[in-house]
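Engineer: Quick one, structure for this:
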Amino acid sequence: MPKKNISKKSSIDYFEQMFQAGQPVIKKVEHKSHKSKEELREREVEDSLSEIYQDDAGRNIDVQKISVRPRRWWLKIILFLLYSAIIIAIGYLGYRYYISYQAKDDLFTVVVEADKNLTAGREFAYTISYHNKGRLALEDVEIKAEWPKSFIFRGADPATTSLNVWHIGHVPAEGSGQIVVKGILLNKIGENNQVHLTSSFRPANLSSAFVINTTYNVILTDSVLAVGISAPDVLAIGRDNEVIISYQEKEESLVDNVQLIMNDVDWAEVKLFDGDQEIQSTGNFRWTLPTPSSELKSLKLVIKPSEQESRLEILSFRLETNIGEQSYLIDSRDFDCHLVNSRLNLLLKINDSNADSGVFAGTPLNYRIDYVNQGDTTLKDVKIIASLEGAWLDWSSLKDSQQGQIKGQTIIWSKKEIPSLALLKPGASGSIHFSINVKDWQNGDKNDSGEIRSYAYYQTGDKVIEKPTDEEKSNTIINQLNSDLSLTESVVYFNEDNIAVGSGPVPMVVGETTNLKVYWRISNSLHDLRDVEVIGELPDYVDWGGKNHSSVGELSYDADSRQVKWHIDRLPANSQEVSGDFSISVTPRPDQKNQIIVVLPGSTITAIDNVTQARLEFTTQAKTSRLEDDTIVQTDGLVQ
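Structural biologist: Residues are numbered from 1 along each chain as shown. The predicted structure follows:
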């Protein structure tokens, strides 16, 4: 290849020209002693460059064989994208880790609990349990409660100054705690009483707080104040109609005042009576009632419609109590009533009540029919008919002093039985009294619903009425048979298998202890029951011996009241007999020598019938030192 002339202005120019001409970079140069300093510097640069273009053996490299690699710009892009993806992934995972504290409901849990069966007006406790289930401590923990309007705050442990906020602060990993809040619920039985908790917290490694919400609802099953309101389904226009309001304090409580509030009935004159004494209204159909006590109080609300047209009206009643500046609902009832403009007004009562109620098998129903001609004309040849419908009525037990005619399930009184019915002048009135028993359990049909429907109606002349109109009828009363709850109590030394379950002397000896076994057995077959409770009180010479057991519910002893209690939340109908048992120790006193002593004074069982809503209550007979229920022990019961 021909050589090109290369001018050498500088070492850099020389290198570029040699590279472009394809000649070796290194060129032989003769040294001359008279070279200038500038040439020496250039020589040093050239020597340095020659070292760069030599191989490991010191040979010069042919620059024609040198390949120039292009710059890798695409690698930078890939690395940039990779780094960006890593940053995004780290951010996403951090975000997910961050929000997981809020999304994970069980990281911090708050649970509210209370007794299943609560009584309105009786103190109880909410137990608020909180638990940190995470592996990190929680800071700034706070629990705020929104109580139901029916709740009266009585105290808390730990205490709080604001009644509803607890500043807990630090809760360690896997840590937990409890808040016990005491209070009273005052509300109508069956109403909802919901508490709402708002809990906030901050994980120790984060700066943001999180919130969880918890709700808990309580439905009251009983009340310290028993209330009954009854109203007729028919209101006779122009005549006094009675609504009975009764209440009774079952135990001491905060309820020391009761107000009756009624809806506005501008179509009638309304008065409230306590016996013969009228209770004056405080205005707007509102009355302050006598203070509740352990004695049953029955008030009579008299409604006298002044309208002339028959129609349907609604009567609404509320019983409230004031504690502090707040009012609390005790009970409320609504009744649909027909205003009836009848020429002969009839009012039916059973057992002195014109309201629906539960009845017990084997008990009498005492009927009373009041009648009055409130029209302007005389009524002739009046017949008054009582219609009694129900398979549980024992017609063989009918007692009727006026000897009415029995026809099917009706009793008819005419002028033959009651001469005054031949001619009833305007304003003339009278009453008919009779009674009939409810069949006992042995003779009744348990497959029947147990409903007894009663009403009276009238007809005049030879007119035969198969289906009376509202204007011809009295109010209707429905009596529903209560469930057949029963309690059997036995106190024995030997059980039914003739095995000794007692110890000590029999007959009993003064100063010595005789141990006995008490058995309670409950049966129920007609309706479901709730809040079943048996209470037996021990005399001062009888001690609790423990060894208690029950097939359902909880059987326990209260040493302060000396009462044995057996509570069952729910007892279904047609269930098998349930039982409970416990031991007692009897140590007769010296003054009881040669006497038959009472071992148990009789135990009482109570329950609420879910169908009739009646409160059932029975008490067993007293058990003595004669051990009447033991078939093996033979003793006269006299203490030795």
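
Engineer: Now do the domain split for this structure, please.
Structural biologist: Domain assignment of the chain by automatic domain parsing yields the ranges 11-65, 108-223, 224-337, 342-480, 486-624.

Engineer: pLDDT on the second one, on average?
Structural biologist: Read that as domain 108-223. For domain 108-223, mean pLDDT is 93.

Engineer: what distance separates that domain from the centre of its chain?
Structural biologist: Distance of domain 108-223 from the chain centroid (Cα atoms, centre = their mean, to the nearest Å) equals 17 Å.

Engineer: Tell me where the stretch 51-200 of the chain has helices.
Structural biologist: Using DSSP state H, counting those that start in this stretch, the helices of the stretch 51-200 of the chain run over 73-103.

Engineer: Sketch out the low-pLDDT regions of this structure for me.
Structural biologist: 1-73, 92-106, 575 (pLDDT under 70).

Engineer: Just want the most central residue of it.
Structural biologist: I219 (2.3 Å; Cα atoms, centre = their mean).

Engineer: Wait, that residue touches N187, no?
Structural biologist: No - contact between I219 and N187 fails when scored by Cβ atoms under 8 Å: they sit 9.3 Å apart. Using the backbone N, CA and C atoms, a C-beta is placed for each residue, glycine as well.

Engineer: and for the two, which residues touch both?
Structural biologist: Residues touching both I219 and N187 (Cβ atoms under 8 Å, 6 or more residues apart in numbering): N193.

Engineer: do you know how far the residue lying closest to D222 once chain neighbours are set aside is from N515?
Structural biologist: Spatially, and ignoring its direct neighbours in sequence, D222 is nearest to T119 (4.3 Å; Cβ to Cβ, 6 or more residues apart in numbering). Distance, T119 to N515, using Cβ to Cβ, to the nearest Å: 35 Å.

Engineer: who has more neighbours, these two?
Structural biologist: Neighbours were counted for T119 and for N515 using other Cβ atoms under 10 Å; T119 has more, 21 against 17.

Engineer: In contact with that one, which residues?
Structural biologist: L220, T221, D222, S223, V224.

Engineer: Neighbour-wise, give me the winner out of the residues you listed.
Structural biologist: The member of those surrounded by the most neighbours (other Cβ under 10 Å) is S223, with 25 neighbours in all.

Engineer: dump the residue contacts of the nearest residue to it once chain neighbours are set aside.
Structural biologist: Spatial nearest neighbour of S223, chain neighbours left out: A120 (4.0 Å); criterion: Cβ to Cβ, 6+ apart. Taking Cβ under 8 Å, 6+ apart, we find A120 in contact with L185, L186, N187, K188, I189, L220, D222, S223, V224, L225, I330.

Engineer: tally of neighbours for A500?
Structural biologist: Neighbours around A500, by other Cβ under 10 Å: 12.

Engineer: go on, L81?
Structural biologist: Neighbours of L81 using other Cβ under 10 Å come to 10.

Engineer: So K304 sits against A268, correct?
Structural biologist: Yes - K304 is in contact with A268 according to Cβ under 8 Å; the separation is 5.9 Å.

Engineer: Filter the contacts of T119 down to the ones in strands?
Structural biologist: D222, S223 (DSSP state E).

Engineer: quick one, what contacts the nearest residue to D274 once chain neighbours are set aside?
Structural biologist: Ranked by Cβ to Cβ, 6+ apart and with sequence neighbours excluded, the top spatial neighbour of D274 is L299, at 5.5 Å. For L299, the contact set (Cβ under 8 Å, 6+ apart) comprises I244, I245, S246, L272, F273, D274, I279, L289.

Engineer: By neighbour count, which of those residues wins?
Structural biologist: I245 (23 neighbours).

Engineer: ok, and the closest non-adjacent residue to that one?
Structural biologist: I245 sits nearest to L299 (Cβ to Cβ, 6+ apart), 4.6 Å away.

Engineer: what kind of secondary structure is that neighbour in?
Structural biologist: Secondary structure state of L299, per DSSP: H, G, I helix; E, B strand; the rest coil, is strand.

Engineer: ok, now how distant is it from V578?
Structural biologist: Distance, L299 to V578, using Cβ to Cβ: 39 Å.

Engineer: Going by contacts, tell me the helices and strands next to the longest strand seen in the chain.
Structural biologist: What stands out as the longest strand in the chain, according to DSSP E, is strand 326-340. Packing partners of strand 326-340 (3 or more Cβ pairs under 8 Å, 6 or more residues apart in numbering; DSSP states H and E): strand 225-230, strand 234-236, strand 311-323.
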